[in-house]
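> Predicted structure and sequence below. I'll ask about it afterward.
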Amino acid sequence: NRDGILKTPLRVARFFLFATKGYHQVVEDIIGGAIFPEAGLKGCNGCGGGLGGMIVVRNIDLFSLCHGCLLPFKVCCHVAYISAGQSVVGLSKLSRVADMFARRLQTPQKLAEDISQALADTIKPLG
């Protein structure tokens, strides 16, 4: 009945709601309409800006909870893809998708698999 611990159960419940909010999110809702035509050379559309380039977002720091022991872990994630349909997704959406899966009970290996599979299914890149 100490004052310092009276609200601890509420704080713990709020933490787990925040740490697992990814279960209430869907990749399609995050990406939404943020798929844009690539800017090509000389005003035309082309693959990778006309250069066949790779879209990369690096150094995404993610925090998640281990599904087996509920201990937190941190990973640094890099997301890259090559556009297939002459359109690209907004860069901020890639990190938001990664964060959505981090906000589920995970292992680092499963986190990487979930992110890559979701992006492959949603934006259908060449690689």
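The structure has been received and is ready for your questions.
> and Ser64, what element?
Ser64 belongs to strand 55-66 when elements are defined using DSSP states H and E.
> mind listing what that strand pairs with, with the direction of each?
Next to strand 55-66 in the sheet, as set by DSSP bridges, lie strand 72-81 (antiparallel), strand 105-106 (parallel).
> Same list, those strands, but as CSV with distance to Leu10, mean neighbour count and mean pLDDT please.
In short, each C-beta sits where N, CA and C put it, glycine included. Listed next are these as CSV, based on distance: least, C-beta to C-beta, whole Å; neighbours: other C-beta atoms under 10 Å; pLDDT from 0 to 100:
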stretch, distance to Leu10, mean neighbour count, mean pLDDT
strand 72-81, 20, 14, 94
strand 105-106, 21, 18, 96
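> what's near enough to touch Leu91?
Ile55, Val57 (C-beta atoms under 8 Å, 6 or more residues apart in numbering).
> okay, it: pLDDT?
We have a pLDDT of 88 for Leu91.
> how about it, phi and psi?
Torsion angles at Leu91 (phi, psi; degrees, to the nearest 10) stand at phi -60, psi -40.
> how near is it to Thr107?
As defined by C-beta to C-beta, to the nearest Å, Leu91 lies at a distance of 26 Å from Thr107.
> got it, and Gly22?
14 Å.
> Counting neighbours, go ahead and name the busier of those two.
Neighbour comparison, Gly22 and Thr107: the larger count goes to Gly22, with 18 against 13 (by other C-beta atoms under 10 Å).
> Report the distance from the lowest-mean-pLDDT helix or strand in the chain to the chain centre.
Across the helices and strands of the chain, mean pLDDT, DSSP states H and E gives its lowest value to strand 35-37, namely a mean of 78. Relative to the mean C-alpha coordinate of its chain, strand 35-37 is positioned 18 Å out (C-alpha atoms, centre = their mean, to the nearest Å).
> What helices and strands are in contact with it?
Contacts of strand 35-37 with other secondary structure elements, assessed using 3 or more C-beta pairs under 8 Å, 6 or more residues apart in numbering; DSSP states H and E, are made with strand 87-89.
> can I have the next helix or strand after the strand it packs on written out in PDB, keeping just the CAs?
Downstream of strand 87-89, the first helix or strand assigned by DSSP H and E is helix 91-102. Only the C-alpha atoms of helix 91-102 are listed here, as PDB (Å, rounded to 0.1, in the frame of the first residue of the first chain):
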ATOM      1  CA  LEU A  91      10.400   6.500 -47.200                       C
ATOM      2  CA  SER A  92       8.800   7.200 -43.800                       C
ATOM      3  CA  LYS A  93       6.300   4.400 -44.500                       C
ATOM      4  CA  LEU A  94       9.100   1.900 -44.500                       C
ATOM      5  CA  SER A  95      10.200   2.700 -41.000                       C
ATOM      6  CA  ARG A  96       6.500   2.800 -39.800                       C
ATOM      7  CA  VAL A  97       5.900  -0.700 -41.200                       C
ATOM      8  CA  ALA A  98       9.100  -1.900 -39.400                       C
ATOM      9  CA  ASP A  99       7.900  -0.300 -36.200                       C
ATOM     10  CA  MET A 100       4.500  -1.900 -36.500                       C
ATOM     11  CA  PHE A 101       6.000  -5.300 -36.500                       C
ATOM     12  CA  ALA A 102       8.400  -4.400 -33.700                       C
END
